[in-house]
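Chemist: here's my sequence, what's the structure:
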Amino acid sequence: MAELVSFFIVMAAGLFLAEFFRSFHMPYVVVLIVTGILIGPFGLNLFIPDDTMEFIGQIGLVFLMFMAGLEARLSVMAELRRSVAVLSVLNSIIPFLAGVGIALYFGYNWTSALFLGTIFISSSIAVIIPSLEANGLLVTKLGKTILGATIAEDVLSLLVFSVLLQTISPTHNVPLPLFYLILFIFLISLRVFIQKLRNYYQSRLSRRMKKELFENEVRFIFVIMLATVILFELLGLHAIIAGFFAGMTLSESIKKEALKRKLHAISYGLFIPVFFVLIGAKTDIGILFDGSSVALLTGVIVVGSVLAKFVSGFIAGKMRGFTNNECSIIGSSTTPQLSTTLAVAFIGLEMNILDHELIIAMTVLSISTTMVGPYMIGMFIDKYKRRQRMLNRKRKA
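Modeler: Numbers count the residues shown, from 1 in each chain. Okay, the predicted model is just below:
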């Protein structure tokens, strides 16, 4: 009964507070984190995370990474591979070094510093896509470059994260280079197998079952996701890597918009909100105002991450021949950090690699960049559109 009450409080608070904060134009994910802060033990103390909610939150984390992978299409990266490669590499190295440097400056050890650097690599596909799509840039060379680089950065951050985990806590005696070579071959084979299995499953459905094809597709996708997670964990890899890979594998084959909407509704309507509310419930935001060094650490991390992402994105854009205004759009598009950032951060907390002060900083980083990022993107896109209209008038004249 107590578990049911906790689940009801989380879902009800997320539902009604989302409506309340809608007037402030706050992103849904930010609302969920703020909800957790308000109802959690450091707020009104209406909800205390227990084992059941932690388990649902872990499922939500897997779904979150699955949906992030579902939005990552490898074909986008292949289409503009040179521009994507330059942007993703530069937009990863500079933020990584910034994260490592900040952690070392504040007295953290090298393991924590490398973890923070890895978190700085990631960007948020979920925040970037709506902003580009709403402004008609998603199908342009500029939009495809940004999207492809963001996907590559998320993949790279998860790869570095995996290497760090294997270095800190090895799950096998195989040398790392050989292990990842075997893993790469395994992933390619698994990707082909999943596609063939999906095609076979659909072709073998009976006439009666085909009437329920939509529901069966949803169930099949969830079974594949969970099977991939279990398989990855048997190999010693973390569940979030499996969830992202499963989503990325199925992203090219899921064409029906209705199916995508249903997957989104189930994920963001049931499981993912619990994960984000738990993040808020574990965040003692009051530490920022008690005169400790946490406020300074948080401020440096937020400013350092945004500057490192923006500057490296701008420089990479110039190297690929984009205009200053287009480079500003690229730089601002890479600043939002959400899914991968929080997922890796809380795994670091569970493993005692990151402390609560860094978790607070990561939470504030995600909230602030998720809110400010779209505004920055929109501001530079407006300038870009005005410039395009002026150029069009000059051509016509």
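Chemist: so where's the stretch 1-150 of the chain uncertain?
Modeler: Low-confidence segments of the stretch 1-150 of the chain (pLDDT under 70): 1-2, 18, 21-26, 72-80, 126, 130, 134.
Chemist: what are the boundaries of the strands in it?
Modeler: Using DSSP state E, counting those that start in this stretch, the stretch 1-150 of the chain contains no strands.
Chemist: so which residues of it form helices?
Modeler: 2-22, 28-39, 51-70, 74-79, 81-105, 110-121, 125-134, 141-168 (DSSP state H, counting those that start in this stretch).
Chemist: which one of these lies nearest to residue 192?
Modeler: Ranking those by proximity to residue 192 (C-beta to C-beta) places helix 74-79 first, at 13.4 Å. Where you see a C-beta, it was placed from the backbone N, CA and C, and this is true even at glycine.
Chemist: minimum distance to residue 226: which of the helices of the stretch 1-150 of the chain has it?
Modeler: Across these, closest to residue 226 is helix 51-70 (C-beta to C-beta), at 8.0 Å.
Chemist: remind me what the closest one packs against, helices and strands.
Modeler: helix 2-22, helix 125-134, helix 213-234, helix 239-251, helix 257-266, helix 272-281, helix 339-350 (3 or more C-beta pairs under 8 Å, 6 or more residues apart in numbering; DSSP states H and E).
Chemist: 6 Å instead?
Modeler: helix 239-251, helix 272-281, helix 339-350 (3 or more C-beta pairs under 6 Å, 6 or more residues apart in numbering; DSSP states H and E).
Chemist: possible to save these as JSON lines with mean neighbour count?
Modeler: Supplementary listing: these in JSON lines, determined by neighbours: other C-beta atoms under 10 Å:
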{"stretch": "helix 239-251", "mean neighbour count": "24"}
{"stretch": "helix 272-281", "mean neighbour count": "27"}
{"stretch": "helix 339-350", "mean neighbour count": "23"}
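Chemist: include distance to residue 323 when you put those helices into CSV, please.
Modeler: Below are those laid out as CSV (distance: least, C-beta to C-beta, whole Å):
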stretch, distance to residue 323
helix 239-251, 31
helix 272-281, 37
helix 339-350, 29
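Chemist: any chance of these in a markdown table, with mean pLDDT too?
Modeler: Converted to a markdown table, these look like this (pLDDT from 0 to 100):
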| stretch | mean pLDDT |
| --- | --- |
| helix 239-251 | 76 |
| helix 272-281 | 83 |
| helix 339-350 | 82 |
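Chemist: out of these, which is closest to residue 44?
Modeler: Of all the helices and strands packed on helix 51-70, it is helix 272-281 that lies closest to residue 44, at 10.7 Å by C-beta to C-beta.
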